[in-house]
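> No letters, just coordinates:
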């Protein structure tokens, strides 16, 4: 079993090879890349050794703030403009290697006024001929570590064959951004509403900055999308973009398994039921009424920052994680065209996984993006 120390040594060696000052040969870079991928896989695989303890442990390390505590911690947050234009920050590009789709490299940045120890990261896949016709920033779901998301995002990476530069960011508190002692995404779920409020605040900011980088490095359309939590983030960014400069706005949007009703997620979702979250947040004073004040930080308003005919949605009619009625309501409120709305008899996870054998929604999104 791989030790925590050994895994971090692999990460440090990869970091030095791809971002350090010392030059490395292409073979050395590829070896470090493979070592990191295998190390992440082994790190995830260690969870199986704890399966026998599962019935005896809480699913999460709970740290749920009360409504009063959230009000205090978010006192400076504006409900009129909860996602302001982020300040500029330096985005650093790594050395590149040739992968399955073509050139690959990584990006990292420090968030303005963010955790000084945290690096936001993204993995970038270039078209094989390096002729970029558009950029697609695609956000993952909660609990999806980079090594897991790498496989699930296969249909998106295949869009490099149509000339898209595909950017796969690692969300807050996932991958190497995970706080010590927690698993990827746990810091969102275990803190109840505050975890989502702060998680969205961070990731919407990062989405704007990744899109800003995309426009600064290629004069082509920029699309934004996501799956599950990533879709919830992308739609908040799309809504916030009404007040953002053109550099930070998406030209097209794709939302896979999403909803516009965070109250339903908090109190009716099958996810909170499985995690025993609903009862715990209720014990801490959370109700639909106490959550209402924070909805501008959690769910989008009526006006997306792009034309309705540039929005694609994929919903599962059996979705109980991001309950289907909320997704259908968002499609109606944002006036998503019938030809851009895909509703399948699938659940939350099968809806996203279904893109692997039927990528029509992604192809439709690509068509809209490249139309300009």
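Received the coordinates, thanks. Because the structure is a prediction, the values reported are computed rather than measured.
> Show me what the nearest residue to residue 99 once chain neighbours are set aside is bridged to.
Using C-beta to C-beta, 6 or more residues apart in numbering and skipping the chain neighbours, the partner closest in space to residue 99 is residue 125 (7.1 Å). All C-beta atoms are positioned from the backbone trio N, CA, C, and that covers glycine. In this entry, residue 125 is beta-bridged to residue 104, residue 166, by DSSP bridges.
> what sits against residue 125?
By C-beta atoms under 8 Å, 6 or more residues apart in numbering, the contact set of residue 125 is 99, 101-104, 157, 160, 165-166, 168.
> one more time with 7 Å
101-102, 104, 157, 160, 166 (C-beta atoms under 7 Å, 6 or more residues apart in numbering).
> Please apply the same query to residue 282.
Neighbours of residue 282 in contact, by C-beta under 7 Å, 6+ apart: none.
> To what extent is the closest residue to residue 340 other than its chain neighbours buried, counted in neighbours?
Distances taken as C-beta to C-beta, 6+ apart place residue 312 nearest to residue 340, at 4.7 Å, with adjacent residues excluded. When neighbours are counted by other C-beta atoms under 10 Å, residue 312 registers 28.
> Residue 312 sits in which helix or strand?
strand 311-316 (DSSP states H and E).
> What strands flank that strand, and is each parallel or antiparallel?
So strand 311-316, judged by DSSP bridges, has these partners: strand 252-256 (parallel), strand 341-344 (parallel).
> Would you mind finding the most buried of these?
Mean neighbour count (mean count of other C-beta atoms under 10 Å) peaks for strand 252-256 among these, with a mean of 30.
> I would like the residues contacting it, please.
Contact with strand 252-256 is made by 221, 223-227, 231, 234-235, 238, 304, 306, 310-314, 351-352, 361-362, 365, 368-369, as judged by C-beta under 7 Å, 6+ apart.
> Could you rerun that using 8 Å?
So strand 252-256 is contacted by 221, 223-228, 230-231, 234-235, 238, 304, 306, 310-314, 327, 330, 351-352, 355, 361-362, 365, 368-369 (C-beta under 8 Å, 6+ apart).
> Report the contact partners of residue 235.
If you count contacts by C-beta under 8 Å, 6+ apart, then residue 235 has 253, 255, 258, 260, 300, 304, 330 around it.
> what residues are up against residue 346?
316-319, 354 are the contacts of residue 346 under C-beta under 8 Å, 6+ apart.
> How about residue 88?
112, 212.
> now do the one 3 residues further on
Residues in contact with residue 91 (C-beta under 8 Å, 6+ apart) are 107-109, 209, 213.
> returning to that earlier point: nearest to residue 187, of the contacts of residue 235?
Nearest to residue 187 among these, counting by C-beta to C-beta, is residue 258 at 21.4 Å.
> And what about that closest one, helix, strand or coil?
Under DSSP: H, G, I helix; E, B strand; the rest coil, residue 258 falls in the coil class.
> So for it, what's the pLDDT?
You'll see residue 258 listed with a pLDDT of 96.
> cool, residue 37 as well?
Looking at residue 37, its pLDDT is 84.
> ok, now residue 295?
96.
> is it true that it touches residue 262?
Yes. Counting by C-beta atoms under 8 Å, residue 295 does reach residue 262; the two are 6.4 Å apart.
> Comparing those two, which shows the higher neighbour count?
Per other C-beta under 10 Å, whichever of residue 295 and residue 262 has more neighbours is residue 262, with 23 against 17.
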